[in-house]
Structure formats: structure tokens, C-alpha cells
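J.: Got a sequence here, can you model it:
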Amino acid sequence: MNRVIVIGAGPAGLSAAITVAENGYEVLILDEYMLAGGRLLGQLYEEENGKWWNGIIESKSLYDKAVALGIEIRLGTPVSNIEKLNGSWVIYTDEETYYTSHLLLATGAAEVPLPIPGWTLPGVMSVGAAQVMTNVHRVKPGNRGVIIGVNVLSSAIAMELKLADVDVACITLPKMNQVTKESGNPMDVMNSLLHVSHMAPSAFVKFGSKLMKNDFMKKMGITFFPKKGVKMWDIPIMLRKAVINIYGNGAVEGVTIATISMSGEVIPGTEENISADFVCISGGLYPLAELAAVAGCPFFYIEELGGYVPLHNERMETVLDGLYVAGNITGVEGAKVAISQGVTAGLSITNSMSGGKQEVEIKEAIKKIEHTRDNAFIQFHPAVKEGKQKLQQYWEEYNQQAKVEVHS
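T.: The predicted model follows:
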């Protein structure tokens, strides 16, 4: 019963398990994938200081440290259900049922699909799938591709594909409909693109982004945005074009794009075809929080964090006794933030198990999360700090209401 169980072998789960083990407690990690590391495995980019962040190397470092500490890691083990019985968390898998008093959910995030005509053709994939194929398995997704969806994720992965000598014809918008409303609106997309301008080697893009300080300048930028796009890493970023169809006979052969208005409406008669043998769809990420929902944890929808997140505090504690969360399940951010959150969650767990002996370390760990967030190279959601403030407010309101109900 004293064994801590962590679900998720990504950066948050591994760092939390390492922290718990370093404090003298036994840990078991469960993960459905065949490799430890989670989304960290596919990451490869150059930081502002000129150093390269290689997710495979970072993952191996965390994994090796966990193994050296005697942490048991069971890969290829999906969790189908969790519940609280007789004061213990019960974790169900196909092979075995596990019990623990302290359970951490570090399940990460999943990609948001964007429905586009032709998206069921072989050769159409999520942009994350292309990243894993290229960076993890060293297999090119194709020779020439089109990325649909202009956001932080697609921008970062386009750069990685370029490094792997994969030809990316363009990054463009999806045709706007009820599902792709924000992803297909040039103004909304402009706001997200500005937050990755520092990643571009183009001095023009970097300089232009500095001018986009207000809505008027942004409208001017959209109005005069080149129809052929602005290049980043020699890849055209097209904010005034949208994919209206993916075509091919049994497999992807190309996409049909059209010019769109400032509001995202297709301009008739502007259609043209772009040849490609693969297409990546990028709708962003959302917290993968189904297991927290199954456990009965309350949720709040916070757009700045990527979607519905389980209610928790800055110590990574949920309102359910013995249940903790860390990483992208708490809001979509980068791997370095996830690692800091994992350390905090690990300290909160060992603090509970040791009778409150690590309060000082927890406070320092929380400060480390803030510092890491403030200095993050990639921000998936620019208003993440506002989202965290909303979450803290919901936490306080929930607990206040719970006190009222107890005394009524």
C-alpha cells in the first residue's frame, strides 16, 4: 500500500517518480506506450541560447535515472479504469489490478483533430504523428507535405521536418466551418503565430511581429499579408489561404487551396492545387484527462490552458484525497514546465506520506515552476498565467463551498 503509482511515463511522470524514489519510497510507473518519455520523445529544436533541446536524450536521461533508483516501469500497459475503494485507489489494467494510497495522473495531452474533406485518405495524419515518425522512428512521413493549421505545434514540427530534409510545401489554414472556426480565422491565427516569431530565422518575420502590438496593426498585417505567404525556415506560412479539400486516388496526391478573406471566407474562383504525398493536420493540443474524470475529480473549462482541466492547486493536489496531477493534464505547456510540475507533485506526495516534513521544498518547487514558465521558449497558450490564476480562484471557491456544506 505504501507504493506510489504514477500513470504516465512522460517528463512529468518520470520526474515525479524520481523525486518520490529519492525520498525513499517505492514507485511503480504505468504507461501504454512502448517507450518512456511521452511527447518529449519527438521534440527537437534550437533554443535562444543556441543549444539544442533533444527530447530523446532528455527522455533517456530521466529514464536511466529512474531505473537506477529502482523504479519499476511497466510499458505497454494501458489503464482502463481507476476508482476509490475502502480508502485506496484501485487501478485496473488488462493484466493486473494495482492498489495505492497515493496516485499521480501524468497522462499528458492529445491532439485536436480538424475535419477536412479527404482527411480519411492514406497519407493524412496528425502533425504529432509526423513528428514521432521523423524524430523517434527515423522514418520520413513522405517526400513533400502540406501542414494544415498554423499554430505553435505546427510551427515547431515544421522546423523539425525541415531538419530531417522533408519538403514542406506550405503551412496553411483549414477552410473555416463550425469546428475549425478559430483555426480558420486569419486574425485569431495571427495572434498565435506572433508567439512563435522568435523561433524564425527570418529577420523580416521577427521585425514584423514587433509591429503587431494592437488590433489595428494586426488588421493591416492581415490585409497586406502576401498571398504566397511569409517564409519561416524557407516554408511559406499562408494566412490568406485555406485548404478546402485533400485529394487523391487511394492515397494523398495533393490539396486544393483557395484565397480567403480577412474573416476566413473562401473567395470563389481562387482555387488551386498543390501536389503532396502526405498531409499533416494540426488543431493544437488538449489535456488528456479522462482518467481524472473517471476518478470523480471536478473539472473546469479554461481556454488559456487548452480545455477542461481537473481541479487542483499549485501543489498538484486534487480535491480527492491521495490523487495528484502533473504535466499537460493540468494545462498544455512545454516539457520543462511538466518536469518542474512532476517534481512538485512528487514532493507533495512524499510530504503527505512523511507527515508534512517537506513544506519548504514544496514552496521552492512551486517557485521553480513559475520561473520555468516565465522563461519557456515555446508557449502553447500565451495567456497560460491568466489560466492558472482562474484555476486557483476556482480552487478557493470550491473549497469554500465545501466548508459551507460541511457546516450546514
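J.: By residue count, what's the longest helix in the protein?
T.: helix 384-407 (DSSP state H).
J.: Could I get the average pLDDT for that helix?
T.: The average pLDDT for helix 384-407 rounds to 89.
J.: Stretch 25-41 too?
T.: Per-residue pLDDT over stretch 25-41 has a mean of 93.
J.: Can you tell me the element Met190 falls in?
T.: Taking DSSP states H and E as the criterion, the element that holds Met190 is helix 186-194.
J.: Just the C-alpha atoms of the longest helix of the chain, please, in PDB.
T.: The C-alpha atoms that make up helix 384-407 are tabulated as PDB, following Å, rounded to 0.1, in the frame of the first residue of the first chain:
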ATOM      1  CA  VAL A 384      -1.400  30.500 -19.500                       C
ATOM      2  CA  LYS A 385      -0.600  32.500 -16.400                       C
ATOM      3  CA  GLU A 386      -4.100  34.000 -16.500                       C
ATOM      4  CA  GLY A 387      -5.500  30.500 -16.900                       C
ATOM      5  CA  LYS A 388      -3.600  29.300 -13.800                       C
ATOM      6  CA  GLN A 389      -5.000  32.300 -11.900                       C
ATOM      7  CA  LYS A 390      -8.500  31.300 -12.900                       C
ATOM      8  CA  LEU A 391      -7.800  27.800 -11.800                       C
ATOM      9  CA  GLN A 392      -6.600  29.000  -8.400                       C
ATOM     10  CA  GLN A 393      -9.800  31.100  -8.000                       C
ATOM     11  CA  TYR A 394     -11.900  28.000  -8.800                       C
ATOM     12  CA  TRP A 395      -9.900  26.000  -6.200                       C
ATOM     13  CA  GLU A 396     -10.600  28.600  -3.500                       C
ATOM     14  CA  GLU A 397     -14.300  28.900  -4.400                       C
ATOM     15  CA  TYR A 398     -14.700  25.100  -4.500                       C
ATOM     16  CA  ASN A 399     -13.100  24.600  -1.100                       C
ATOM     17  CA  GLN A 400     -15.000  27.500   0.500                       C
ATOM     18  CA  GLN A 401     -18.300  26.000  -0.800                       C
ATOM     19  CA  ALA A 402     -17.200  22.600   0.600                       C
ATOM     20  CA  LYS A 403     -16.700  24.200   4.000                       C
ATOM     21  CA  VAL A 404     -20.100  25.800   3.900                       C
ATOM     22  CA  GLU A 405     -21.800  22.500   3.100                       C
ATOM     23  CA  VAL A 406     -20.000  20.700   5.900                       C
ATOM     24  CA  HIS A 407     -21.300  23.200   8.500                       C
END
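J.: mind checking how far it is from the chain centre?
T.: 24 Å (C-alpha atoms, centre = their mean, to the nearest Å).
J.: I would like the residues contacting that helix, please.
T.: For helix 384-407, contacts defined as C-beta atoms under 8 Å, 6 or more residues apart in numbering pick out 298, 300, 302-305, 309, 311-314, 319, 331, 333, 373, 381. C-betas here are computed from N, CA, C, even on glycine.
J.: let's see 6 Å
T.: Counting by C-beta atoms under 6 Å, 6 or more residues apart in numbering, the neighbours of helix 384-407 from elsewhere in the structure are 300, 302, 304-305, 313.
J.: Same question for stretch 57-70.
T.: Taking contacts as C-beta under 6 Å, 6+ apart, the residues outside stretch 57-70 that touch it are 14, 17-18, 21, 36-37, 40-41.
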